[in-house]
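>>> fold the following.
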Amino acid sequence: MTATTDGSTGAVGPRAPSGNGTTDTTVSAPGGDPIRVAAERAAARSVEHLLGRQDAQGWWKGDLATNVTMDAEDLLLRQFLGILDTRTARDAALFIRGEQRADGTWATFHGGPSDLSATIEAYVALRLAGDGPDDPHMARAAQWVREHGGTAGSRVFTRIWLALFGWWRWDDLPELPPELLFLPKWFPLNIYDFGCWARQTIVPLTIVSAKRPVRPAPFALDELAAAPAPAARRARPAPVTSWDGVFQRLDKALHVYHRFALRRLRASAMNAAARWIIERQENDGCWGGIQPPAVYSVIALHLLGYDLDHPVMRAGLESLDRFAVRREDGARMIEACQSPVWDTCLATIALADAGLSPDHPALVKAADWMLGEQIVRPGDWAVRRPGLTPGGWAFEFHNDNYPDIDDTAEVILALRRVAHPDTARLHAAIERGVGWNLGMQSRNGAWGAFDADNTSPFPNRLPFCDFGEVIDPPSADVTAHVVEMLAYEGKAHHPGTRRGVEWLLAEQETFGGWFGRWGVNYVYGTGSVVPALTAAGLPPSHPAIRRAVSWLESVQNEDGGWGEDLRSYRDEQWIGHGATTASQTAWALLALLAAGERESRAVERGVAWLAGTQREDGSWDEPYFTGTGFPWDFSINYHLYRQVFPLTALGRYVHGEPKALTALAGTRKGS
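The predicted structure is shown next:
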């Protein structure tokens, strides 16, 4: 929506529903301020709901939903390895069919546009599960695919899967030679120029690209081929004077090299890639705690002769089984990743800010589990920071190679809210984490997610890299979380913190918001940055804070909440606009509360929306995707976001900003 009830307006954008089908969220309660009473009741119900979801070991984990390509590729992997069983295919197909839209297509996020690659992969998976091409739902999908470019219009990853079964020619795919591993760390396009998620995927795919395997196709896919485009309409190479032209011609040269590569050099490169992969396998058998690198690592090692009973392969396949979530109807959904550390620290912050005692057993148990998850050995991040003492936290259960800066900052903020009985252990872990985060600051004063100074302009230009962001530059949301943590650690005046604040101020958009890299989008970025800036000492009257407040007020939906559609990453008209969601409403409220707007009409309406849309069990519904893996290209619905962020916002509305942390920071001004 584009206007508040007082008539103020923001940028004009597409009109969207007012969230969850609820239009009347007026709250009234006997006695006292009705909004405050409603907030207290909603917070109390939410606390009970969240406490009931804690695991006995102390952690929380909500489902992490993405799109059906995860499920399709899981079936394709099993078909490729010869281990696809009837039950797995049936249960996966039940989920995939349930995500199909009336026109026969699949999208990559709830309410989003039809996606060609997702539709192709889902269609192939259903064929593997036994659905016939003449079935009405399949015929609709195939017709849509043909009308929108056919398999030739799909992304590189989709065509790689098709090539594995002879449905696409390897010669018509971008080349990715394993000799890439021999490039020195200072040379452009070495593997450490890629973000960690891309690096972990590309290394095994260099083996696949070199081997070019083809398994017998279980059926033909002629029904997905579009008519060839006339020669005059076929894409022409970019000018040789442009970067795109340079990389297109480099790819052609690499195709020639593939035919004449020295056998010993290629074998040595593939062996080096295999060693790199095996050295990075986690204790649970996975790679990087995420599904795509695990899938391609299993394929690559299998192509090099590792049989399925080999310990590395057996552990890898078992880890992939743990990404499966079985629903009550029997459907089998594949998570791209699992988020227990992230969910646990956010849940701890939410419960503490809602008034739970710092020594409550649930918080102590959560802190104890988080302390046990700290990573105290080097990982790939040490390539850029070789002398830095380890001390970060990862996102997943097992991912010691890739702790991330965002989790580390939020874990520290969570631990500071808990009265853990072993204070020496707590303080030592926090001190180590703070030191690691400071050491991971990039040269420009900001922070990326996994690496420092991962800003090379070249990886994204490779023809192979059409699947989303492949580098890890600093972002406003991660930088904000680190700045907030450092401020609460008494380091508001530390040179690193001040450089982070200066970078954030320079990154503010002219309309008042900040870009959200890991959450959708400007509402997330702004909801992260404003609390960080005020924690670091900026007064609510600061012009940057006032611009942010004005923008948030201007994009508040008519129902009192906030929402921003993923299309805002592609279309400026969607910035700040979309169906109201619980998590995005909470992010806006966190910014407004930090800016001193507790008594404002905007805050009251936002709190009323949260209280009025809460379910009886204390939870909120949120079908919309508000998280991102790659902005636009890979979207995430974190099922716990709809619980932890509203509770945090309600808690701060009722109890104010986290006083214990403020007091703590005040005692450490000299740090």
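>>> drop to CA atoms for contacts and neighbour counts, all remaining ones
OK.
>>> who's in contact with Thr479?
Thr479 sits next to Ala446, Trp447, Gly448, Gly500, Leu504 when contact means CA atoms under 8 Å, 6 or more residues apart in numbering.
>>> tell me which of the residues you listed is nearest to Leu173?
Gly448 (30.8 Å; CA to CA).
>>> which residues touch that closest one?
Here Gly448 is in contact with Ile405, Gln441, Ser442, Asn454, Asp472, Pro473, Pro474, Ser475, Val478, Thr479 (criterion: CA under 8 Å, 6+ apart).
>>> now those as a markdown table including secondary structure and distance to Leu538?
Below are those laid out as a markdown table (DSSP: H, G, I helix; E, B strand; the rest coil; distance: CA to CA, whole Å):
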| residue | secondary structure | distance to Leu538 |
| --- | --- | --- |
| Ile405 | helix | 23 |
| Gln441 | coil | 21 |
| Ser442 | coil | 23 |
| Asn454 | strand | 29 |
| Asp472 | strand | 28 |
| Pro473 | coil | 25 |
| Pro474 | coil | 22 |
| Ser475 | coil | 20 |
| Val478 | helix | 18 |
| Thr479 | helix | 16 |
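>>> please tell me which one of these counts the most neighbours.
Among these, the one with the most neighbours (other CA atoms under 10 Å) is Ile405, at 30 neighbours.
>>> would you confirm that Met333 contacts Arg322?
No: assessed by CA atoms under 8 Å, Met333 is found out of contact with Arg322, at 10.9 Å.
>>> okay, those two: which has more neighbours?
A direct count of neighbours by other CA under 10 Å for Met333 and Arg322 places Met333 higher, at 25 against 15.
>>> surely that one is in a helix?
No: applying DSSP: H, G, I helix; E, B strand; the rest coil, one finds Met333 to be strand, outside a helix.
>>> rewinding a little: of all the contacts of Gly448, which comes closest to Gly496?
Nearest member of the contacts of Gly448 to Gly496, counting by CA to CA, is Gln441, at 7.7 Å.
>>> these two touch, right, Ala544 and Phe511?
No: Ala544 is beyond contact range of Phe511, at 10.2 Å (criterion: CA under 8 Å).
>>> so how far is the first residue of stretch 444-458 from its last?
Start-to-end span of stretch 444-458 (CA to CA, to the nearest Å) is 19 Å.
>>> ah, wrong one, I meant stretch 274-285
One end of stretch 274-285 sits 15 Å from the other (CA to CA).
>>> residues in contact with Gly516?
Ser475, Ala476, Asp477, Tyr522, Val523, Tyr524, Gly525, Thr526.
>>> ok, which pair from these is furthest apart?
Using CA to CA, the two most remote members of the contacts of Gly516 are Ser475 and Val523, lying 14.2 Å apart.
>>> just checking, which of the contacts of Gly516 belong to strands?
Using DSSP state E, no member of the contacts of Gly516 sits in strands.
>>> out of these, who's the most crowded?
Counting neighbours by other CA under 10 Å, Val523 leads these with 32 neighbours.
>>> tell me the pLDDT at it?
Reading off the confidence values, Val523 has pLDDT 98.
>>> quick one: it and Ala586 touch, right?
No: at 9.6 Å, Val523 does not count as touching Ala586 under the criterion of CA under 8 Å.
>>> before we move on, back to that, and of the contacts of Gly516, the nearest to Leu640?
Tyr524 (15.5 Å).
>>> as TSV, the contacts of Gly516 with distance to Trp170 would be great.
Listed next are the contacts of Gly516 as TSV, based on distance: CA to CA, whole Å:
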residue	distance to Trp170
Ser475	36
Ala476	40
Asp477	40
Tyr522	40
Val523	42
Tyr524	41
Gly525	41
Thr526	44
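>>> closest to Pro495 among those residues?
Ala476 (17.8 Å).
>>> need the contact list for that closest one.
By CA under 8 Å, 6+ apart, the contact set of Ala476 is Ala446, Leu504, Glu507, Trp514, Phe515, Gly516, Arg517, Gly525, Ser528, Val529.
>>> ramachandran angles for Leu552?
Phi and psi for Leu552, reported as degrees, to the nearest 10, are phi -60, psi -40.
>>> report how many residues lie close to it.
Neighbours of Leu552 under the rule other CA under 10 Å: 26.
>>> name the nearest residue to it, ignoring sequence neighbours.
Nearest non-adjacent residue to Leu552, counting by CA to CA, 6 or more residues apart in numbering: Ala588, 6.7 Å away.
>>> check which helix or strand covers that neighbour.
Under the criterion of DSSP states H and E, Ala588 resides in helix 582-594.
>>> return the set of buried residues in that helix.
For helix 582-594, the neighbour count (16 or more other CA atoms under 10 Å) marks 582-594 as buried.
>>> export the residues you listed to CSV and append columns for pLDDT and distance to Ala43.
Formatted as CSV, those follow (pLDDT from 0 to 100; distance: CA to CA, whole Å):
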residue, pLDDT, distance to Ala43
Ala582, 98, 13
Ser583, 98, 14
Gln584, 98, 17
Thr585, 98, 15
Ala586, 98, 13
Trp587, 98, 16
Ala588, 98, 17
Leu589, 98, 14
Leu590, 98, 15
Ala591, 98, 18
Leu592, 98, 18
Leu593, 98, 16
Ala594, 97, 19
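>>> can you find the helix or strand in this protein with the smallest mean pLDDT?
helix 659-666 (a mean of 46; mean pLDDT, DSSP states H and E).
>>> what's near enough to touch Leu176?
Residues in contact with Leu176 (CA under 8 Å, 6+ apart) are Leu205, Thr206, Ser209, Ala210, Leu254, Phe464.
>>> didn't the last one look like it was pressed against Pro174?
By that I understand Phe464. Yes: counting by CA under 8 Å, Pro174 is a contact partner of Phe464 at 5.3 Å.
>>> of these two, who's got more company?
Neighbours were counted for Phe464 and for Pro174 using other CA under 10 Å; Pro174 has more, 20 against 17.
>>> in the stretch 551-671 of the chain, where is pLDDT below threshold?
For the stretch 551-671 of the chain, the stretches with pLDDT under 70 are 659-671.
>>> show me where it has helices.
582-594, 601-613, 641-655, 659-666 (DSSP state H, counting those that start in this stretch).
>>> please apply the same query to the stretch 401-550 of the chain.
405-415, 423-439, 476-488, 495-507, 522-535, 543-554.
>>> using TSV, lay out those helices together with distance to Thr105.
Converted to TSV, the helices of the stretch 401-550 of the chain look like this (distance: least, CA to CA, whole Å):
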stretch	distance to Thr105
helix 405-415	35
helix 423-439	43
helix 476-488	33
helix 495-507	38
helix 522-535	29
helix 543-554	35
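>>> before I go, just wanted to say thanks for your time.
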